[in-house]
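Engineer: sequence first, predicted coordinates after that:
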Amino acid sequence: MSITEVGQQPTLSLRGITKRFGPLTANDDITVDIVPGRIHCLLGENGAGKSTLMNILFGLLEADEGEIRLGETSLKLTNPKQAMAAGIGMVHQHFMLIPVFTVAENMVLGHEPTRAGMLDLQSARRKVRELSARYKLDVDPDALVEDLPVGIQQRVEILKALANDATYLIFDEPTAVLTPQEIDELMLVMQSLRDEGRAIVFITHKLREVRAVADDITVIRRGKVVGQAEPGTSEGELATMMVGRSVSLKVGKTAADPGSERLVIDHLTVASESGAVAVDDLSLTVRGGEIVCIAGVQGNGQTELAEALLGTMTPVSGTVNLDGADITNARPARSIKAGLGYVPEDRHRDGFIGEFSIAENLVLDNLDGFTKFGSLQLKAIAENAIARIEEFDIRATSHTQSVNSLSGGNQQKVVLARELSRPLALLLASQPTRGVDVGAIEFLHKRIVGERDRGTAVLIISTELEEVESLADRIAVMYRGRIVGIVPPDTSRDVLGLMMAGVPHEDALATMKEATHE
Amino acid sequence: MSETRRPAWLQSTIITIASLLLAFLVSAIVMVAADAEVASKWAYFFSRPGDALSASWDKIAATFHAMWVGSVGSWGALTNTTREATPLICAGLGVAVAFRAGLFNIGAQGQAMVGALFAAFLGFTVKGLPIFIHLPLVILAGVLAGAIWGGIVGLLKARSGAHEVILTIMMNYIAGSILAYFMLQPAFQAPGRADPISPVLEWSATMPRIAGSSLHLGFLLALIAAAASWWLLERTKFGINLKAVGLNPNAAATAGASVSNITMITMALSGALAGLAGVMMVTAPESLTGSPPQMTGTIIGTLGFDAITVALLGRSRPLGVVFAGLLFGALKASRRTMVTMAGTPDKLTDLIQALVVLFVAAPAFVAWLLPFLKERKPKKKMTPEGLVAGA
């Protein structure tokens, strides 16, 4: 059954793991010990090789060199089934759940209980109730996964791993999609699983979280273990280990000098693709020379708001004005001409054409500016690319390289470089640093602040509070399509967290006051 | 990491050439197996292997020699090749341009039919115009008809989201029926004929040719169409947007391109090129008579489907389409000599064509058959960017 005594389980160790992809060494002689009863943080930038290592541990990839040992025995893991049999479970970054199935159906997927050849959903339901009671992870077995909030979906993933009674649990970037409160809950869950005697591997690049729960910290950079760190190590030191040089986590920015109103959103209502109200009678004004951040948990209408401003979605009612021009129903081409710079939330889907070269992507929304007599000016396009690559420090061997071959941070630099290379009235950036490493975040933030200082109105949509805090001149908290309140940037995380769950500013302040008085 | 990897175009060229060689190899085996006389010698292979081997060799050598003679062996043969290649290049370009925008135009067949119908009608009804007015008029009529036929599909797809494959297949049926209907109307029939055959086109509606050969103006027009397609795809804003829509419509829309407009225009353009191919079928002079064949209900043959083959083999690039069109043109041109000189059924050219498509469409299969072509890297999904970047 489950683990009964702490410390009985053997240590799972990765010894000298090396994995190469062609000329690139993703993991170089990595040795990590995963000890039951401890939370082990694997800290590293995007592309450092954390996921490769975990994919090897979960049997999705095979190492070129090195071995995996469970206590005294050597493990040969060539597929996830073997890994699961060895007691290894994984909570994936992108949930491996079928949205149209219920929780119970998802839980038993792959090893469905049957009775007389028929699917025995009754026993599946019972199992879900049992597990959720035992681990205090509350879920309704009959709820459809697609109807559940992301935090609950993650619980289902965790329960799935626990259903196999996994001793070694890998959490791959689990906090990316959660609210601060949900993150706190997840931390508690991880701690209670640890106290039960399980080993937790926690993959992340968020320093605050590491400091909150880690018992052991291993920092990986460019495929190599650069060192272990004590749980008490400061965020600055951890960041330095991760990036290999000292980075400033705060953007050095002067106080905003807001000018005239540039973007005026007035009673805007937008319906989502399924017809539900996504943006609900929202009004917001952004002045030139200030950064307004929209904070909120994913899925509260931010995507629809951004798409309505750009013009890929048409609002139901309300108006949008940019520098006095009505762009409410404008198609993207006209919004862009009116001075909108747009950094989409999902850059792979909306931001660039991966197969196109860097040079082509850098002019994608400004082709007219590089056309003469109907013919594209290849020389001018190349010169523009060389200048932007230099200016934005895009790490590429040539401007003819495809954007697909760049790292995430450099891809985002291409998108931002394109948008910032023409005069803007409004910079609208959704999740501008999602999946971007710490070093590049610093740079991107500086450029965004620089754009503000040129008098552009800047609207940032972000689910990462760190980012909101370091960039915003004003924070607008969004919940269920509405702005709950607009607060100054020094508002505490707890208050923001409550507001992100729909509590108005005053009530949130009052709640926090009570909490501190107790 | 790019230094050890072959550039994509080189790898695809290698695979394409390998596919061609494989197709010829397999067809050689079929040729031997299908020939009763040669096959009979294989029956006593173990007592006298020489007989079987030399007979097989003779058969293969004779067939390929006949192909050579029929397609490039003489000036006349060479011009027969260009004559056969002309409509293939035009329609192949049409399919290729649509491919680049992510549209699978199965409808080149129907578009070529309406193009041919309109061109031929103007070609034999309008009389007394000078060639420099009549011929452009005929070409324009065919191109416009094809553009409308393709454009309807583009419009329906852009407005209603209907799938272009289904739409073009249905439009092919409609075009085929329209063609059959009109060819039975007296206005379209040669005087005194009750069967679906049209009068001979006016000489002023015929592509001028170099005397005594089959090289006609149409081939030059096909090459110009290829050059124009290349320029459009590689050197214009529209071309960039077209390719962007084909590769990632979301990002294209975000960058300000109108996906629906590009879909409509591309389908019309694709139809126009297929319509031009239809024009070529009815205005290209035959080498003996010097006038084009009379319009019939079946004049388009399988042009629209061959065009898909040509576009596939040409990797949807205009220059590739020209080469692929010439290759299949050569195969078509050599049908007669294959039968007369080598006694090989002309169906073999169809087989070769089919095999080429099979191999070209399955590059992974070719790489598996010929492992030495493979690059020293794991499968595409396993590239370092794919896995490491996900961290």
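Structural biologist: Yep, that arrived.
Engineer: just checking, residue A:119 touches residue A:109?
Structural biologist: No - the pair residue A:119 and residue A:109 fails to qualify as a contact (CB atoms under 8 Å) at a distance of 10.8 Å. Every residue, glycine included, has its C-beta placed from N, CA and C.
Engineer: relative to residue B:28, how far out is the residue of chain A most remote from its centre?
Structural biologist: Ranking residues of chain A by C-alpha distance from their mean position (CA atoms, centre = their mean) puts residue A:116 at the top, at 44.3 Å. According to CB to CB, to the nearest Å, residue A:116 and residue B:28 sit 58 Å apart.
Engineer: got it, and residue B:172?
Structural biologist: In terms of CB to CB, residue B:172 sits 34 Å off from residue B:28.
Engineer: quick check: residue A:434 is in a strand.
Structural biologist: No - counting by DSSP: H, G, I helix; E, B strand; the rest coil, residue A:434 falls outside a strand, being coil.
Engineer: now the residue nearest the centre of chain B, what are its backbone angles?
Structural biologist: Nearest residue to the geometric centre of chain B (CA atoms, centre = their mean): residue B:307, 2.7 Å. Note on residue B:307: its backbone torsions stand at phi -60, psi -40 [degrees, to the nearest 10].
Engineer: wait, what's in contact with it?
Structural biologist: Listed by CB atoms under 8 Å, 6 or more residues apart in numbering or on different chains, the contact set of residue B:307 reads B:88, B:91-92, B:94-95, B:108, B:112, B:274, B:277.
Engineer: how about the helices in the stretch 251-400 of chain A?
Structural biologist: A:302-310, A:332-337, A:358-362, A:378-391 (DSSP state H, counting those that start in this stretch).
Engineer: and the stretch 251-400 of chain A, which residues reach chain B?
Structural biologist: Selection of the stretch 251-400 of chain A residues close to chain B by CB under 8 Å from any CB of the partner chain yields A:310, A:312, A:331-333, A:336, A:342, A:344, A:349-356, A:360, A:364-365, A:367-368, A:371, A:374-376, A:378, A:397.
Engineer: try 7 Å this time
Structural biologist: Neighbours of chain B within the stretch 251-400 of chain A, by CB under 7 Å from any CB of the partner chain: A:310, A:312, A:331-333, A:336, A:342, A:344, A:349-353, A:355, A:360, A:364-365, A:367-368, A:371, A:374-376, A:397.
Engineer: buried ones only from those residues, please, as a ChimeraX command.
Structural biologist: Those of these that count as buried under 16 or more other CB atoms under 10 Å in any protein chain shown are selected in ChimeraX with:
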select /A:310,312,331,332,333,336,342,344,350,351,352,353,355,360,364,365,367,371,376
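Engineer: thinking again about what came up before, possible to save the helices of the stretch 251-400 of chain A as TSV with mean pLDDT and distance to residue A:448?
Structural biologist: What follows is these, written out as TSV (pLDDT from 0 to 100; distance: least, CB to CB, whole Å):
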stretch	mean pLDDT	distance to residue A:448
helix A:302-310	94	15
helix A:332-337	94	18
helix A:358-362	95	18
helix A:378-391	94	15
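Engineer: got TSV for these, with distance to residue A:206 too?
Structural biologist: As requested, those are arranged in TSV below (distance: least, CB to CB, whole Å):
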stretch	distance to residue A:206
helix A:302-310	20
helix A:332-337	33
helix A:358-362	29
helix A:378-391	29
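Engineer: looking at chain B, which helix or strand is least sure?
Structural biologist: helix B:384-388 (a mean of 37; mean pLDDT, DSSP states H and E).
Engineer: residue A:494 and residue A:512 touch, don't they?
Structural biologist: Yes - Residue A:494 lies in contact with residue A:512 (CB atoms under 7 Å); the separation is 5.4 Å.
Engineer: residue A:164 versus residue A:119, what's the distance?
Structural biologist: Taken as CB to CB, the span from residue A:119 to residue A:164 is 19 Å.
Engineer: domain ranges for chain B?
Structural biologist: B:7-71+B:344-376, B:81-333 (automatic domain parsing).
Engineer: what's the most buried one of those?
Structural biologist: Of all those, domain B:81-333 carries the top mean neighbour count, a mean of 22, counting by mean count of other CB atoms under 10 Å in any protein chain shown.
Engineer: distance between it and the chain's centre?
Structural biologist: 10 Å (CA atoms, centre = their mean, to the nearest Å).
Engineer: and the end-to-end length of it?
Structural biologist: 5 Å (CA to CA, to the nearest Å).
Engineer: list the contacts for the nearest residue to residue A:424 once chain neighbours are set aside?
Structural biologist: Once flanking residues are discounted, residue A:424 sits nearest to residue A:341: 4.3 Å by CB to CB, 6 or more residues apart in numbering or on different chains. Taking CB atoms under 7 Å, 6 or more residues apart in numbering or on different chains, we find residue A:341 in contact with A:419-420, A:424, A:426-428.
Engineer: by contact count, what packs against whatever helix or strand residue B:149 lives in?
Structural biologist: Following DSSP states H and E, the helix or strand that holds residue B:149 is helix B:131-160. Other helices and strands packing on helix B:131-160, by 3 or more CB pairs under 7 Å, 6 or more residues apart in numbering or on different chains; DSSP states H and E, are helix B:108-125, helix B:164-182, helix B:259-283.
Engineer: any idea of the mean pLDDT in that helix?
Structural biologist: For helix B:131-160, the mean pLDDT works out to 96.
Engineer: residue A:486 and residue A:476 touch, don't they?
Structural biologist: Yes - at 4.9 Å, residue A:486 and residue A:476 qualify as touching, with contact defined as CB under 7 Å.
Engineer: neighbour-wise, which of those two wins?
Structural biologist: The neighbour comparison of residue A:486 against residue A:476 (other CB atoms under 10 Å in any protein chain shown) goes to residue A:476, with 22 against 14.
Engineer: next, give phi and psi for that one.
Structural biologist: On the backbone of residue A:476 - angles per degrees, to the nearest 10 - the values are phi -110, psi 120.
Engineer: could I get the pLDDT score of it?
Structural biologist: 96.
Engineer: swap in the one 3 residues further on?
Structural biologist: Predicted confidence (pLDDT) for residue A:479: 89.
Engineer: tell me the phi and psi of it?
Structural biologist: phi -150, psi 130.
Engineer: specify the beta-bridge partners of it.
Structural biologist: On the basis of DSSP bridges, residue A:479 is bridged to residue A:482.
Engineer: ok, now which ones touch it?
Structural biologist: Taking CB under 7 Å, 6+ apart as the test, what residue A:479 contacts is A:296, A:300, A:500, A:502.
Engineer: what's the distance between the nearest residue to residue B:76 once chain neighbours are set aside and residue B:80?
Structural biologist: Nearest non-adjacent residue to residue B:76, counting by CB to CB, 6+ apart: residue B:213, 6.1 Å away. From residue B:213 over to residue B:80 the distance is 8 Å, taken as CB to CB.
Engineer: so what sits against both of those two?
Structural biologist: With CB under 7 Å, 6+ apart, residue B:213 and residue B:80 have common neighbours residue B:287.
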